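S.K.: Turn this into a structure:
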Amino acid sequence: MKVKIQTKRCIEVAEHIRHSGGVSDDREDSMKYNFPKRIVHNGWCAIVAINHQTTPIVGLALHGTVNGIKLKGWDYLLQKAIFMANKDPAMFTVGWLCSVTSDTLREIYFDEEDGETLNQTEARRDLLIDLGDFLRRNKWNSVAEIYKQSQGFIVKSDGRGIAQILSQARAYQDPVQKKMFYFLAVMRNQKLWEYKDILNLSAPVNYHEQRGHLRLGTVTIEDSALEKRIRDRQNISEEDDIEIRLAVRRAIEFIAQYLDATPSMMHYYFWNHIRNCCGRDNPHCNDCGGSCGLPDRYRTGYPAKCVFSNICPSALLKKEDMLIEPRLDSTIWQ
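M.R.: Residues are numbered from 1 along each chain as shown. Model prediction:
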């Protein structure tokens with residue numbers, strides 16, 4: 001075993017969260033614009049399907065301007081798709097998904113000021129085509145048909161739960177189910193779907209949460225060679241990637257159960273705090289500064305710095321000595 005969950009540390013972190021205002025409801029921040037109703041289910045499913053490597057350890061982060069606002073990473077990936085879908089009535093239909101090209105994706109995400117920053121264009125194209133083929137094989141025009149087939153269950157004994165059906169699409173076959181759980185959470189938080197077995201909705205572990213839990217010490221790397229590869233920002237193996245992400249997911253599930261919260265609630269809590277206050281190279285251990293994007297619902301009376309700074313062992317380290325999330329350039333899962 002190369003990775004270990006530190007349950008005592010998980011309890012310490014959970015108690016700190018309890019005494020720092022607790023866990024807010026899991027929800028997406030409100031958006032001024034959204035997908036057109038006719039393709040809203042397909043739009044969300046498709047954009048989550050290609051949500052990976054948007055801020056890679058090596059290379060440019062995806063970024064650009066939408067409606068006059070500069071965005072990067074997931075925010076740009078999503079908002080640019082929404083903007084373009086409201087202009088193009090064919091976008092995210094089954095026919096569009098089945099025939100999308102790399103050039104189409106480059107055109108969508110080309111920014112007049114920042115140029116082309118979308119990576120893995122061919123891999124993203126392939127995932128969208130596969131999603132379209134999956135829908136076409138089932139004679140469905142909309143991902144909404146999956147919800148109808150499942151009767152609102154994520155997992156069913158007959159194998160017809162949402163997660164079981166959607167896992168036929170390549171983008172949703174990740175062993176750790178990052179995209180699957182995130183898509184399901186988004187559909188619930190957008191008030192499009194409700195689930196009869198909500199306990200089957202676990203945490204969609206992304207690279208922010210890996211970084212944060214490694215720094216907090218709730219998950220530790222027990223193999224010195226693997227830790228060195230992470231510190232040196234070298235690619236790790238797919239097997240090691242899965243082991244690390246599974247350990248982080250189980251740590252989040254443990255903390256959620258301890259606090260009587262859902263794993264989805266804990267995901268949104270950690271994701272918001274870590275992506276805003278525990279950046280790869282700019283952690284807010286001492287001060288958030290004026291540009292911190294942490295949503296107001298997570299600002300619960302503590303000083304304007306990372307909520308974990310007083311208990312995080314990494315806060316005592318120099319930035320260059322802090323662990324970051326593992327690197328795996330070829331992944332389509334995170």
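S.K.: burial count for Arg229?
M.R.: By other CB atoms under 10 Å, 18 other residues sit near Arg229. Yep, even glycine has a C-beta here, placed from its N, CA and C like the rest.
S.K.: Assess the claim that it and Ile236 are in contact.
M.R.: Yes: using CB atoms under 8 Å, Arg229 is in contact with Ile236, at 5.5 Å.
S.K.: shared neighbours of these two, which are they?
M.R.: Pro326 (CB atoms under 8 Å, 6 or more residues apart in numbering).
S.K.: Please report phi then psi for His41.
M.R.: phi -70, psi -50 (degrees, to the nearest 10).
S.K.: Strands along the chain, start to end?
M.R.: Listed in chain order, the strands of the chain (DSSP state E) span 3-5, 63-66, 69-72, 219-221.
S.K.: what's in contact with the second one?
M.R.: Applying CB under 8 Å, 6+ apart, the set of residues contacting strand 63-66 from outside is 70-73, 76, 79-80, 83, 109-114, 117.
S.K.: Pull the most distant pair out of the residues you listed.
M.R.: Using CB to CB, the pair of the contacts of strand 63-66 lying farthest apart is Gly73 and Glu112, separated by 19.1 Å.
S.K.: ok, those two, which is more surrounded?
M.R.: Per other CB under 10 Å, whichever of Gly73 and Glu112 has more neighbours is Gly73, with 17 against 7.
S.K.: ok, now which ones touch the more buried one?
M.R.: Neighbour list for Gly73: Thr54, Thr55, Ala61, Leu62, His63 [criterion: CB under 8 Å, 6+ apart].
S.K.: how does this structure divide into domains?
M.R.: By the assignment in automatic domain parsing, the chain contains the domains 3-26+203-321, 37-200.
S.K.: Measure how far the longest one is from the centre of its chain, please.
M.R.: The one in question is domain 37-200. The chain centroid and the centroid of domain 37-200 are separated by 12 Å under CA atoms, centre = their mean, to the nearest Å.
S.K.: what distance separates the start and the end of that domain?
M.R.: The first residue of domain 37-200 is 27 Å away from its last residue (CA to CA, to the nearest Å).
S.K.: next one: the shortest one
M.R.: Distance between the two ends of domain 3-26+203-321: 19 Å, counting by CA to CA.
S.K.: mind checking how far it is from the chain centre?
M.R.: Per CA atoms, centre = their mean, the displacement of domain 3-26+203-321 from the mean C-alpha position of its chain is 14 Å.
S.K.: Would you check how far apart Arg245 and Arg233 are?
M.R.: Arg245 is 18 Å from Arg233, where distance means CB to CB, to the nearest Å.
S.K.: For these two, indicate the residue with more neighbours.
M.R.: A direct count of neighbours by other CB under 10 Å for Arg245 and Arg233 places Arg245 higher, at 28 against 13.
S.K.: For that one, which residues are in contact?
M.R.: Val176, Lys178, Val205, Gln210, Trp333, Gln334.
S.K.: my guess is Phe110 contacts Thr121, does it?
M.R.: No: here Phe110 does not reach Thr121: they are 11.1 Å apart, not a contact under CB under 8 Å.
S.K.: For those two, indicate the residue with more neighbours.
M.R.: Ranked by neighbour count (other CB under 10 Å), Phe110 and Thr121 place Thr121 first, with 17 against 14.
S.K.: now Gly115, which residues is it bridged with?
M.R.: Per DSSP bridges, the residues bridged to Gly115 are Asp111.
S.K.: what's the neighbour count on it?
M.R.: 10.
S.K.: Let me see the ranges of the helices in this protein.
M.R.: 7-18, 40-49, 73-85, 94-99, 102-109, 121-137, 144-150, 162-166, 178-189, 207-216, 224-231, 238-258, 263-277 (DSSP state H).
S.K.: Put the alpha carbons of the third one into CSV.
M.R.: Taking only C-alpha atoms (Å, rounded to 0.1, in the frame of the first residue of the first chain), the coordinates of helix 73-85 have been written out as CSV:
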residue,chain,number,x,y,z
GLY,A,73,-10.1,26.5,-15.9
TRP,A,74,-13.6,24.9,-15.3
ASP,A,75,-15.2,28.4,-15.1
TYR,A,76,-14.1,29.2,-18.6
LEU,A,77,-14.8,25.7,-20.0
LEU,A,78,-18.4,26.0,-18.7
GLN,A,79,-19.3,29.6,-19.3
LYS,A,80,-17.9,29.6,-22.9
ALA,A,81,-19.9,26.5,-23.7
ILE,A,82,-23.1,28.1,-22.3
PHE,A,83,-22.4,31.3,-24.3
MET,A,84,-21.9,29.4,-27.5
ALA,A,85,-24.8,27.1,-27.0
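S.K.: List buried residues within the contacts of Gly73.
M.R.: Among those, those buried by neighbour count (16 or more other CB atoms under 10 Å) are Thr54, Thr55, Leu62, His63.
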